[in-house]
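Undergrad: got a predicted structure here, sequence first:
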Amino acid sequence: MFLDRSKIEERTYQTSIFENTKDKNSLIVLPTGLGKTIISAMLIDYRLSEFPGSRALFLAPTKPLLNQHGKTLSRLMNLKLAVVSGSVSKAERGGTYKDNDLILATPQTIENDIASDLIDLSAFSIIIVDEAHHSIGNYAYVKVADEFLRRSSKPNIIGLTASPASDQGKIMEICKNLHISTVEIRGEDDSDVSPYIKTKIVQEERIELPKEIKSIIAEIKGIIADQVTALKGVGILAEVPASRINRVTILKVQNGLIKRLRSDRKSWYAIRGIIITSKILKLYHALNLVSTQSVEAFYLFLSRLMAGKAKSDKELAKSEAVAHVIESARALLDNGEETPKIERLKEILQKSVTKDKRAIVFTQYRDNVDVLYKYLSKMDGIRPAKFIGQGRKGLSQKNQLEIIRQFEEGTINVLISTSVSEEGISIKGVDTAVFYETVSSAIRMIQRKGRVGRFDVGKIYLLIAEDTNDEGYFWLSKRREKAMRKIVSKIKDNPSMITNDGTLRPFT
């Protein structure tokens, strides 16, 4: 009735998923690029046809992602749709909710409009929850799902994700929060899916750091060890062997001390502990920058730290050891020396980027985006662009969409991106992806891989600095991804793990 089926390719797995979810609250786990939006269109078409006069709500975490889905759905479906966000006035949003068959919105906008009675959820018969792995804790998806189930007489909640979680507890929490009654899972190896999977060639690049950078790393580790000793000196972690203390340990200690202060149990012990743990966490960040990012990103971070006004910054600024590593970094940069990761990145792009081939480079931090842009923009044939989030001095969503347009048209042929492009956004024409560093999150690793080879064979390079966090995170993400696939397969083979009786009863 609403879906123009002549515009979609009939795929058995999509039809099967549709049939199994059209009357049940369902979580759909499907690899990136295999048409979760198409299945959404089929479900919206069914629900609006089954319940004439009802409406559909499509939720996604960001406006660029909503615009992308809106563009796809408007091409496939003959209905009135509108994209809504907090930037639209309340008066205009109220009218939009009533005048359109399909609303695409951020969950925060809908949560706020539920609270102010601006939207009537009883008029809706289906909610699509994109990137459903966010449905944990206090995220807005949870409140919207609860209210929808309470207010609508014909509710259907559909969660979409390529990678739910690597922890069974979190997957079960997602199911509970979205009131899921069935899970539909397909993997790349499933017989009905494998014909549509594009080949991804993954190449691991082990990179040995030069002795000068190794020397800075050793010095930073020594400064951290001294600060841990200082922490023990005030009675914190006094009985814990130094070998068992790491960044996660320090973060947990700091959170405990902050809670102590918030409960008005103020003491010199807690205040001093927070200052020292703050110093240690900043030093860990500096260590990660010099070992996995670049000398320049490391130098920029510590230079800002030296001018900081926080007590921890002022104490670090007085440290002769910190001053020495800054001087060492400055000397390397003055001599034109940098991490060999950058040179290897340039070699990869020189070989991979051609007239018709484009690439995306993932890197963790904005400082390093700037560093890489500086080097890549000097290369013949490379036309890079920074692709970062909205945050402080970031890109507006309008600018993000414009950069994607220019990349897809070929005006830009290399995107240097932070995590903003990892999730959901379909960027056409990515033939090569370079993971400048590894990440410990299986979800992020899967999402990064999903950006390449969506429409043709793709190649992925993992830059791994030896004897650094790169190696640890590489193996950790592999273990977590394996665990996630094992868990979702277990749910697939044992549907009784969740309420799966064909009703819309909440998960119990």
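TA: In hand now; what should we look at?

Undergrad: every contact and neighbour count from this point should use C-alpha atoms.
TA: OK.

Undergrad: and the closest residue to L257 other than its chain neighbours, how many residues sit next to it?
TA: Excluding the flanking residues, the one nearest L257 by Cα to Cα, 6 or more residues apart in numbering is A270, at 5.5 Å. If you count neighbours by other Cα atoms under 10 Å, A270 ends up with 20.

Undergrad: go on, the one 5 residues further on?
TA: Taking other Cα under 10 Å as the criterion, the count of residues near I275 is 17.

Undergrad: so it is in contact with S312, correct?
TA: Yes - the pair I275 / S312 is scored as a contact, 5.3 Å apart, by Cα atoms under 8 Å.

Undergrad: longest helix anywhere in this protein?
TA: In terms of residue count, the longest helix belonging to the chain (DSSP state H) is helix 469-493.

Undergrad: what's the average pLDDT for it?
TA: Across helix 469-493, pLDDT averages out at 81.

Undergrad: contacts for that helix next, please.
TA: 163-168, 183-185, 288, 291-292, 437-443, 445-446, 464-465, 497 (Cα atoms under 8 Å, 6 or more residues apart in numbering).

Undergrad: list buried residues within these.
TA: 163-166, 168, 183-185, 288, 291-292, 437-443, 445-446, 464-465 (16 or more other Cα atoms under 10 Å).

Undergrad: is T432 bridged to anything, and to what?
TA: When bridges are called by DSSP bridges, T432 pairs up with A359, K459.

Undergrad: just the pLDDT at it, thanks.
TA: 89.

Undergrad: list the contacts of it.
TA: So T432 contacts 352, 357-360, 452-453, 458-461 (Cα under 8 Å, 6+ apart).

Undergrad: go with 10 Å
TA: Listed by Cα atoms under 10 Å, 6 or more residues apart in numbering, the contact set of T432 reads 200-201, 348-349, 352-353, 357-361, 414, 449, 451-453, 457-461.

Undergrad: and Q293, by the same measure?
TA: 286-287, 338-339, 341-342, 363-365, 367-369, 371-372, 436-437, 465, 470.

Undergrad: quick one: the helices in the stretch 51-200 of the chain?
TA: Here the stretch 51-200 of the chain has its helices, by DSSP state H, counting those that start in this stretch, at 63-76, 90-99, 107-115, 140-151, 168-177.

Undergrad: can you give the contact residues for the shortest one?
TA: Residues lying outside helix 107-115 but in contact with it, judged by Cα under 10 Å, 6+ apart, are 57-62, 84-88, 90, 93-94, 104, 116-121, 129, 139-145, 147-148.

Undergrad: sort out for me which of the buried ones among the contacts of helix 469-493 are in strands.
TA: Judged by DSSP state E, these include 183-185, 464-465 as members of strands.

Undergrad: please, where are all the strands along the stretch 201-350 of the chain?
TA: Counting by DSSP state E, counting those that start in this stretch, no segments of the stretch 201-350 of the chain form strands.

Undergrad: put the buried members of the contacts of Q293 into a PyMOL selection.
TA: Buried residues among the contacts of Q293 (16+ other Cα under 10 Å), as a PyMOL selection:
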select buried, resi 286+287+338+339+341+342+363+364+367+368+369+371+372+436+437+465+470
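
Undergrad: return the subset of the contacts of Q293 lying in helices.
TA: Those of these lying in helices (DSSP H): 286-287, 341-342, 367-369, 371-372, 470.

Undergrad: could you dump those into CSV with distance to T15 added?
TA: Converted to CSV, the ones in helices among the contacts of Q293 look like this (distance: Cα to Cα, whole Å):
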residue, distance to T15
A286, 50
L287, 50
K341, 45
I342, 46
D367, 45
N368, 44
V369, 42
V371, 47
L372, 44
D470, 41
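
Undergrad: return the set of buried residues in stretch 386-396.
TA: In stretch 386-396, counting by 16+ other Cα under 10 Å, buried: 386-389, 395.
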